[in-house]
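Chemist: Predicted coordinates and the sequence they were generated for:
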Amino acid sequence: MTQLVGILNVTPDSFSDGGEYLDPSAALAHAEQLFNDGATLIDVGAESTRPGAQQLTGDQEWGRLEGVLPMLLQRYPGKIMLDSYHPQTVRRAFQLGAVIVNDVTCLTNPAMRKAVLELQPTGVVISHLPATSPKIAHAQEPLDDILKVHSDLMNRAKSLIDAGFDQDRIILDPGIGFGKTRELNRQLLRFPELVPNFRTMIGHSRKRFLGDNRLELEPNLEAARIAIAAGASYLRVHDVAGHSQLTA
């Protein structure tokens, strides 16, 4: 059964909710609402990956997280996913409690791979990115090859498995919206069909490939129906309440 991962952005510049949850009390209230609406997990991130967004150092990222992450981990143990590609952020988080690691750069940083292998989180999301950073990925020639996405992710997963990480704790995310053509983004909604032996997460929510009405619910639900039919384990979404009708 497909589960919903609610998005909590503690950022000033995310494309749809930037600045809304910078205050820890607002962030905690939103997390509670997402869980009440039907989320199984909350994905909390402090750095926007939209085109043109500011890239942060690990210290800058932690400065946004330290006011809310300790309380999230205390209130919702085992239910927090940390959206970060900074290994020092992940290590700091684990000093407070265990998180699921969501690295949009596909563990390309050896220090992040080392942290994951040492910390052994209950889950690690390997997200496909056709470049070394979110900012570069949006600027380069868009990728239009689903087999390339598949091979890149399988190679990264195999590397982790060969190093002793349990396959059951790997979650593959094809990186919809990151350096890819609109057509490929739509094809990737069915990516779970290509990796039946892995858990998958689809992050379609409010992405540009959905069109001019991407902030409205129905284009998001249309994409979600395709992903669910393809066997997605998780949908990473802004509107948990709206999507809950599909996963009830």
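Modeler: Ah, there it is.

Chemist: need the helix or strand of the protein with the lowest average pLDDT.
Modeler: One helix or strand of the chain scores below all others by mean pLDDT, DSSP states H and E: helix 134-139, with a mean of 58.

Chemist: after it, next one along is what?
Modeler: Per DSSP states H and E, the first helix or strand lying C-terminal to helix 134-139 is helix 146-162.

Chemist: Would you mark the buried spots in that following helix?
Modeler: Judged by neighbour count using 16 or more other Cβ atoms under 10 Å, the buried positions of helix 146-162 are 146, 149-150, 152-153, 156-157, 160. Quick note: C-beta positions are derived from backbone N, CA and C, even for glycine.

Chemist: who does the longest strand along the chain touch, helix- and strand-wise?
Modeler: If you go by DSSP state E, the chain has its longest strand at strand 3-9. Secondary structure elements in contact with strand 3-9, counted by 3 or more Cβ pairs under 8 Å, 6 or more residues apart in numbering; DSSP states H and E, are helix 24-37, strand 41-45, strand 234-237, helix 240-247.

Chemist: Now for the most far-flung residue of the chain relative to its centre: which residues touch it?
Modeler: Most distant residue from the mean C-alpha position of the chain: D162, 23.6 Å away (Cα atoms, centre = their mean). The contact partners of D162, by Cβ atoms under 8 Å, 6 or more residues apart in numbering, come to none.

Chemist: any idea how far the most centrally placed residue in the chain lies from R186?
Modeler: Among the residues of the chain, the smallest C-alpha distance to the mean C-alpha position (Cα atoms, centre = their mean) belongs to N102, namely 5.4 Å. Relative to R186, N102 is positioned 23 Å away (Cβ to Cβ, to the nearest Å).

Chemist: do E47 as well
Modeler: Distance from E47 to R186, counting by Cβ to Cβ: 26 Å.

Chemist: I'd like to know how many residues surround Q167.
Modeler: Here the neighbour count serves as a burial measure; for Q167 (other Cβ atoms under 10 Å) it reads 12.

Chemist: Correction: the previous question concerned D145.
Modeler: Here the neighbour count serves as a burial measure; for D145 (other Cβ under 10 Å) it reads 14.

Chemist: L72 versus that one, what's the distance?
Modeler: Here D145 is placed at a distance of 37 Å from L72 (Cβ to Cβ).

Chemist: swap in L22?
Modeler: 14 Å.

Chemist: Looking only at neighbour counts, state which of the two leads.
Modeler: Counting neighbours by other Cβ under 10 Å for L22 and for L72 shows that L72 has the greater number, 25 against 16.

Chemist: The more buried one: which element?
Modeler: Secondary-structure assignment from DSSP H and E places L72 in helix 69-75.

Chemist: Which element is encountered next along the chain beyond that helix?
Modeler: Sequence order places strand 80-83 as the next helix or strand after helix 69-75, per DSSP H and E.

Chemist: what about that following strand, distance to the chain center?
Modeler: 8 Å (Cα atoms, centre = their mean, to the nearest Å).

Chemist: Which residues does that strand contact?
Modeler: 5, 41-47, 69, 72-73, 89-90, 93, 97, 99-102, 104, 123, 125.

Chemist: the inter-axis angle of the next helix or strand after it versus strand 41-45?
Modeler: Past strand 80-83, further along toward the C-terminus, the next helix or strand under DSSP H and E is helix 87-94. For helix 87-94 against strand 41-45, the angle between stretch directions is 140 degrees (axes from the mean of the first three to the mean of the last three Cα atoms, to 10 degrees).

Chemist: Sheet-wise, list the partners of the helix or strand following helix 87-94 with their directions.
Modeler: The helix or strand immediately downstream of helix 87-94 is strand 100-103, counting by DSSP H and E. If you go by DSSP bridges, strand 100-103 pairs up with strand 80-83 (parallel), strand 124-127 (parallel).

Chemist: Quick check: which of those strands is buried the most?
Modeler: Burial of those is given as mean neighbour count (mean count of other Cβ atoms under 10 Å); strand 124-127 ranks first at a mean of 27.
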